[in-house]
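Participant: A predicted structure for the sequence below; I have some questions about it.
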Amino acid sequence: MRFNYNLLNNRIAQVCGSQQEFARRLGISFEELQERMCSDLGLFTDDVKKGVEILSIPLDEAGQYFF
């Protein structure tokens, strides 16, 4: 199952300016971020936890962005 990351990508652009910068803040390469976002498995739990923090997403809204 592919995930819809449109809302997440918009938030990344607002907060980080680019996916490259978001990946850097996550501590992974841009290529790794792309692979995870394009895979059927989606982002790892640690990516989601750190992403919520980086992007200042309220926990009760995290599902809208990451799932």
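Facilitator: Yes, it's here. Residues are numbered from 1 along each chain as shown.

Participant: the helices in this structure, which residues?
Facilitator: 6-15, 19-26, 30-38, 45-54, 62-66 (DSSP state H).

Participant: now the ones you listed in JSON lines, with mean neighbour count and mean pLDDT?
Facilitator: All C-beta spots, glycine's among them, are computed from the backbone N, C-alpha and C. Output for those, formatted as JSON lines (neighbours: other C-beta atoms under 10 Å; pLDDT from 0 to 100):
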{"stretch": "helix 6-15", "mean neighbour count": "15", "mean pLDDT": "97"}
{"stretch": "helix 19-26", "mean neighbour count": "18", "mean pLDDT": "97"}
{"stretch": "helix 30-38", "mean neighbour count": "14", "mean pLDDT": "94"}
{"stretch": "helix 45-54", "mean neighbour count": "16", "mean pLDDT": "96"}
{"stretch": "helix 62-66", "mean neighbour count": "16", "mean pLDDT": "92"}
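
Participant: distance of the closest residue to Glu32 other than its chain neighbours from Ala62?
Facilitator: Leaving aside its chain neighbours, Glu32 sits nearest to Ala23 (6.9 Å; criterion: C-beta to C-beta, 6 or more residues apart in numbering). Here Ala23 is placed at a distance of 19 Å from Ala62 (C-beta to C-beta, to the nearest Å).

Participant: and what of Phe44?
Facilitator: As for Phe44, its distance to Ala62 is 14 Å (criterion: C-beta to C-beta).

Participant: quick one, phi/psi of Ser39?
Facilitator: phi -80, psi 160 (degrees, to the nearest 10).

Participant: which residues touch it?
Facilitator: Neighbour list for Ser39: empty [criterion: C-beta atoms under 8 Å, 6 or more residues apart in numbering].
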